[in-house]
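> my questions concern the predicted model and sequence given below.
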Amino acid sequence: VRYNGNYYVARVDAGNGFTNKVPTNTNYWNTFGAQFESVATQLLLAENANIAGWVFRNNRLETQEGGTYLDGSGGFIKGFIINPYVDLGTLTKDVILNFANGFNYIAKCNFINGQKTIYIPCDSQYNGVICLIFSTSFSKSDVAIRIRLQNANAKIIVPGYDGTGSKNAVNLYNRKIRLEAMPVTNLSGTYVNWYVDNYSDFDSDDFLSL
């Protein structure tokens with residue numbers, strides 16, 4: 001850890017009681033060997049280097065728990081999201097998402113509360129984001145959750161249907177929709193359209209122009 005400009009490493013013989021033990025407490029911490037403000041070198045070979053929270057090990061950069069890594073020599077990225085879905089429960093009112101809790105959601109509608117709409121943002125900062133929304137309704141006879149956009153100029157792009165495939169609403173039943181944000185710049189401003197990556201999982205009449 002870094003504390004007051006110096007680096008410290010936990011003592012292996014200190015047990016598990018590190019709560020409220022500052023790194024200057026030598027019963028629990030040791031100074032971290034040689035420390036430099038800056039280093040200039042042509043080649044650096046390091047094993048178990050910690051770089052902004054990433055750990056260099058196994059000839060690649062890994063997250064602390066090892067579930068996600070960047071393999072420079074193999075040329076690929078592998079990763080997963082822990083606890084990916086935020087459960088919105090059975091919707092009793094329309095929901096305006098701000099992505100504060102992530103990009104993946106589970107929700108349900110029923111006949112008692114009626115159809116509800118989830119509005120997703122279209123700000124340009126979400127360029128490249130993947131958003132997953134999963135409806136846990138049982139069948140198409142149930143009331144559908146409707147997906148709409150917060151920006152009236154933005155579109156839901158469905159590449160497999162009717163020409164341009166531009167829509168502005170989707171009805172979800174017992175399915176998941178996978179949306180990818182793509183940038184748009186025109187006279188209306190800069191924002192993102194949302195492309196339906198798994199459009200083949202839907203019927204053409206699930207996509208609406210309202």
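Nice, thanks for sending it over.

> if I look at the nearest residue to residue 196 once chain neighbours are set aside, how far off is residue 202?
Take residue 196 and drop its neighbours on the chain: the residue closest to it by CB to CB, 6 or more residues apart in numbering is residue 158, 5.1 Å away. C-beta: built from backbone N, CA, C; applies to glycine. Note on residue 158: its distance to residue 202, by CB to CB, to the nearest Å, is 8 Å.

> just residue 100 next, same as before
The gap separating residue 100 from residue 202 is 28 Å, by CB to CB.

> please apply the same query to residue 107.
Distance, residue 107 to residue 202, by CB to CB: 17 Å.

> shared neighbours of residue 158 and residue 202, anything?
Counting by CB atoms under 8 Å, 6 or more residues apart in numbering, the common neighbours of residue 158 and residue 202 are residue 196.

> downstream of the lowest-mean-pLDDT helix or strand in the chain, the next helix or strand is which one?
Counting by mean pLDDT, DSSP states H and E, the chain has its least confident helix or strand at strand 76-78, which shows a mean of 67. Per DSSP states H and E, the first helix or strand lying C-terminal to strand 76-78 is strand 86-90.

> that following strand - contacts with which helices or strands?
Secondary-structure packing of strand 86-90 (3 or more CB pairs under 8 Å, 6 or more residues apart in numbering; DSSP states H and E): strand 104-108.

> contacts for the strand it packs on, please.
81, 84-91, 95, 97, 118, 131-137, 145.

> how far does it sit from its chain's centre?
What separates the centre of strand 104-108 from the centre of its chain is 14 Å, taken as CA atoms, centre = their mean, to the nearest Å.

> ok, residue 28 - contacts?
10-11, 14, 17-18, 21.

> restricted to helices, list those residues.
Among these, no member is found in helices (DSSP state H).

> shaky segments in this structure?
17, 47, 65-67, 74-83, 138-142, 160-165 (pLDDT under 70).

> hang on, the earlier thing: residue 100 and residue 202 - which one has more neighbours?
residue 202 (19 against 6; other CB atoms under 10 Å).
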